[in-house]
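>>> Quick one: sequence and predicted model below, then my questions.
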Amino acid sequence: MSAQIFTPRQVIERLVAYDTTSRESNLELIHFVRDYLAGHGVESTLIHDASGAKANLFATVGPMIDGGVVLSGHTDVVPVDGQDWSSDPFQVDEREGRLYGRGTADMKSFCAIALALVPVMLEHGLSLPIHFALSYDEEVGCLGAPDLSRHVQGLPCKPQALIVGEPTEMKVVNAHKGCCAIRTTVTGREGHSSETHKGVNSIFAATELVQYLANLAEDLKTSNVNERFDPPYTTVQVGTIAGGTAGNIIPKETTFWWEYRSLPGVDGAEIVADFEAFASETVLPKMRAVHPESEIQITVRGEIIPLIPEDGSPAETLVLALTGSNQTYAVSYGTEAGIFQNGGMASVICGPGSISVAHRPDEYIEISQIEACTEFMHKLIKHLG
């Protein structure tokens, strides 16, 4: 297979063109990367999910020895459904010094820049390796990263650092909140709305649970504060709620999704346990007094491990030196970094683009950010050469 040479811009265009919305397969993108690397003599390992429709990719450029650096990124993107885009979200469009397209900021540009520089890595001759770790389904709960982390732990060599290229405007982030999504389904008893005493209104019960979460959200604003974060406290919010079938029918089932974003050191499991206790000890008994088969089902989905700051870690020290900075930051969004750190890998977040434009219509990345990340990659290659 002949070696292909691309500029960072060209690889960004190729990756954005693949619709890797989390509900879709990412294999077309993964196979492109695998074949591109193979053309340069770099072998890839694919780690598929149970369905076989998605895969992580791991590859190493340079010698398989201790002391290398892992460049980590996710390949999936959030949906564009219902968003009013000014251009095709899966075709890069340049306007006023920006590249527009789904995933340009979050976070295909980081992956593309690193991949485009593989020929430079090979030409330079690395004394220490650069590893690529591309995952699936980060946007729906970091589902691919645990298997990828285990793969890194099983390598015959130990990397010194891992860089997650989420959009930080090339600032060095050494801490982020944990996050957990929870689905709660309340099942009551339907009936004619003229006979409310014979039914169990699932919407009423659900709103009692939602009010508990609203009160908790207020309490958390002052119970544990860390000014490094914005906001500086653990947050709770309800994202969606749906229930009922008609205005004259007592609603049998109501489902709502809620989440918490916890500061490092805050026990998220305790938040869920307290909610479960309120549901089972306060709300459910009142429901079952009317209809014994009433239920409240609470399902934890997509838990994201917080990134704990490790001042002076190999990852932090390296990336601060490469960026020429002496300051680290904390963010409130979640990434896969905490998973890799939990697996024993020194990890930080540093990538091009701004999180403030991610997930929105007309997502974009400043061309100046692409240039800054490209310069960063050249410094990394030189450092490991």
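Thanks, I have the structure now. Numbering: from 1, shown residues only.
>>> Could you grab the helix/strand/coil label for the residue lying closest to Pro309 once chain neighbours are set aside?
Excluding its sequence neighbours, the residue lying closest to Pro309 (Cβ to Cβ, 6 or more residues apart in numbering) is Ala175, at 4.2 Å. Where you see a C-beta, it was placed from the backbone N, CA and C, and this is true even at glycine. Secondary structure state of Ala175, per DSSP: H, G, I helix; E, B strand; the rest coil, is strand.
>>> which ones are touching Ala175?
Taking Cβ atoms under 8 Å, 6 or more residues apart in numbering, we find Ala175 in contact with 228-229, 264, 306-309, 328, 330-331.
>>> Closest one to Val11 out of the residues you listed, please.
Val331 (25.7 Å; Cβ to Cβ).
>>> can you count the residues close to Ala321?
Neighbourhood size, Ala321 [other Cβ atoms under 10 Å]: 13.
>>> Residue numbering should commence at 11 henceforth.
Okay, using 11 as the starting number, the last item reads as Ala331.
>>> does it sit in a helix, a strand or a coil?
What three-state DSSP gives for Ala331 is helix.
>>> buried set for stretch 12-32?
By neighbour count on 16 or more other Cβ atoms under 10 Å, the buried set for stretch 12-32 is 14, 16, 18-19, 21-32.
>>> Now intersect these with the strands, please.
Among those, no member is found in strands (DSSP state E).
>>> tell me the least confident of these?
Within the set of the buried residues of stretch 12-32, pLDDT is lowest for Gln14 (93).
>>> Surely that residue touches Leu47?
No - look at Gln14 against Leu47 with Cβ atoms under 8 Å: they stay out of range, at 9.9 Å.
>>> Quick check: which ranges of this structure have low pLDDT?
Residue ranges of the chain with pLDDT under 70: 11.
>>> Can you pull the phi/psi pair for Thr194?
Phi and psi for Thr194, reported as degrees, to the nearest 10, are phi -120, psi 120.
>>> Kindly state the beta-bridge partners for it.
Beta bridges link Thr194 to Phe266, Ile308, judged by DSSP bridges.
>>> Next, the contact list for it, please.
216, 219, 265-268, 289, 306-309.
>>> Output stretch 243-254 as CSV, nothing but the C-alphas.
Provided in CSV are the C-alpha atoms of stretch 243-254 (Å, rounded to 0.1, in the frame of the first residue of the first chain):
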residue,chain,number,x,y,z
TYR,A,243,-19.4,23.3,42.9
THR,A,244,-21.0,20.0,42.0
THR,A,245,-24.0,20.4,39.8
VAL,A,246,-27.3,18.5,39.3
GLN,A,247,-29.7,19.0,36.4
VAL,A,248,-32.7,17.3,34.7
GLY,A,249,-32.3,17.2,31.0
THR,A,250,-35.5,15.6,29.6
ILE,A,251,-38.8,14.4,30.9
ALA,A,252,-41.7,12.7,29.1
GLY,A,253,-44.9,11.1,30.3
GLY,A,254,-48.6,10.6,29.8
